[in-house]
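**Student:** Here's my sequence, what's the structure:
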Amino acid sequence: MPDNNDFEDIPTPPALASVAPAEPAADRAALTRALRDLESAKARVERDAKAAADDARKKLVTQILPVLDNLERTMKAADDSGDAPAVAEGVGLVHKQLVGVLKGFGVDRIDASNARFDPKLHEALSTVPVIDPLANGLVLDQIEPGYRFGEQLLRPAKVIVAKYSPARQPAPTRWY
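**Tutor:** Take a look at the predicted model:
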């Protein structure tokens with residue numbers, strides 16, 4: 001059996017000779033930093049994935065909105081003409097289903113009729129002069145509804161707005 005003193009004669013490799021035993025406190029601090037870094041990286045990846053998914057949904061919804069507008073125009077035209085009530089009813093059901101799907105994705109419709117003009121939600125296509133000062137800034141007609149996706153505005157409502165314009169007074173007649 002070899003004597004323990006026999007191993008003392010074996011040279012230590014240079015790489016192992018320079019490694020000193022680590023301090024437990026230093027190891028604990030390094031592990032704590034690594035764990036914090038890992039948790040922040042995980043949170044960043046989750047945040048980026050959610051943002052990417054929201055962007056994809058927003059893009060899809062934005063492309064579907066014109067289809068919804070066309071369904072609404074079709075329903076209005078069918079109601080106005082009175083032709084093919086069964087077709088109008090079918091289009092109405094498809095419209096209702098599509099609105100439900102969009103609502104499930106978090107899309108809300110902005111109806112601006114009879115509301116005060118808000119440039120954050122509405123796009124004024126034109127103004128109509130009115131003589132009542134209380135009607136100033138009131139939405140008179142909505143051409144297209146607006147839509148919101150969560151807190152983000154997807155599309156402003158396109159509206160016609162009342163603008164106060166005092167009635168012209170006739171020029172005074174001179175009697176001389």
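**Student:** what is the mean pLDDT for the helix or strand hosting D27?
**Tutor:** Taking DSSP states H and E as the criterion, D27 maps to helix 24-81. The predicted model gives helix 24-81 an average pLDDT of 89.
**Student:** centre of the chain versus the following helix or strand past it, how much separation?
**Tutor:** Scanning forward in sequence from helix 24-81 by DSSP H and E, the next helix or strand is helix 85-104. Centre-to-centre, helix 85-104 and its host chain are 23 Å apart (CA atoms, centre = their mean, to the nearest Å).
**Student:** What of stretch 59-73?
**Tutor:** 16 Å.
**Student:** just stretch 43-50 next, same as before
**Tutor:** Per CA atoms, centre = their mean, the centroid offset for stretch 43-50 relative to its chain is 17 Å.
**Student:** E144: how many residues sit nearby?
**Tutor:** When neighbours are defined as other CB atoms under 10 Å, E144 has 19 of them. All C-beta atoms are positioned from the backbone trio N, CA, C, and that covers glycine.
**Student:** what's the closest non-adjacent residue to it?
**Tutor:** Nearest residue to E144, sequence neighbours excluded (CB to CB, 6 or more residues apart in numbering): K158, at 4.3 Å.
**Student:** Understood, closing this out.
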